[in-house]
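Novice: sharing a model prediction with you, sequence too.
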Amino acid sequence: MADPRLTSPPQTPLRSPGSRLSLSFPFLREGSRMWEDGVERPRQLPSPLPTKRTRTYSATVRAQSGPVFKGVCKNFCRSQGHGFLRPSHGGEDIFVHISDIEGEYVPVEGDEVTYKVSLVPPKNLKVQAVEVKIIHLNPGTKHETWSGQILSS
């Protein structure tokens, strides 16, 4: 027979505590900026890539004093705000941010461009295209201006 000290206690139903248990994270609380209209808004992290607005003065001066390169637009997504350029001298594709494009047209695949390069911190191992100017629109493609007007070339 089993030892009475080792038997389970009488079966009593488990009850939840009288008050609701709720986790209190600062970004989930009602009234916080992340909680509007009863819907949680995701936090947006700052971009690690330097844009024209966040680039340091010294990086801007170094880029402006550098040589001008030629290349072709490989792809560019206006909604995402970035794309890549294929250098005419060969090598790796170069990242371009929407804030670094000068002129009135949104670049499309095949457009010839000129650009300067700036190192991407923190390790300064990669480069980013700055002062990008379209010098020749790709014939036979539709081009859009920044204001949304569509032109055929």
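Specialist: Perfect, I can see it now. For clarity, every value in this text was computed on a predicted model and none was experimentally measured.

Novice: could you pull out the helices in this protein for me?
Specialist: For the chain, the helices defined by DSSP state H cover 57-65.

Novice: what angle do the lengthiest strand in it and helix 57-65 make?
Specialist: Assignment by DSSP state E gives strand 126-136 as the longest strand of the chain. Comparing the axes of strand 126-136 and helix 57-65 via axes from the mean of the first three to the mean of the last three C-alpha atoms, to 10 degrees yields an angle of 40 degrees.

Novice: which elements pack onto strand 126-136?
Specialist: With contacts defined as 3 or more C-beta pairs under 8 Å, 6 or more residues apart in numbering; DSSP states H and E, the packing partners of strand 126-136 are helix 57-65, strand 69-77, strand 94-97, strand 101-102, strand 112-120. C-beta: built from backbone N, CA, C; applies to glycine.

Novice: and with 6 Å instead?
Specialist: Secondary-structure packing of strand 126-136 (3 or more C-beta pairs under 6 Å, 6 or more residues apart in numbering; DSSP states H and E): strand 94-97, strand 112-120.

Novice: give me the sheet partners of that strand and which way each runs.
Specialist: Strand 126-136 pairs in its sheet with strand 94-97 (parallel), strand 101-102 (parallel), strand 112-120 (antiparallel), by DSSP bridges.

Novice: as a markdown table, the ones you listed with distance to residue 75 and mean neighbour count would be great.
Specialist: Formatted as a markdown table, the strands paired with strand 126-136 follow (distance: least, C-beta to C-beta, whole Å; neighbours: other C-beta atoms under 10 Å):
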| stretch | distance to residue 75 | mean neighbour count |
| --- | --- | --- |
| strand 94-97 | 10 | 21 |
| strand 101-102 | 13 | 20 |
| strand 112-120 | 13 | 19 |
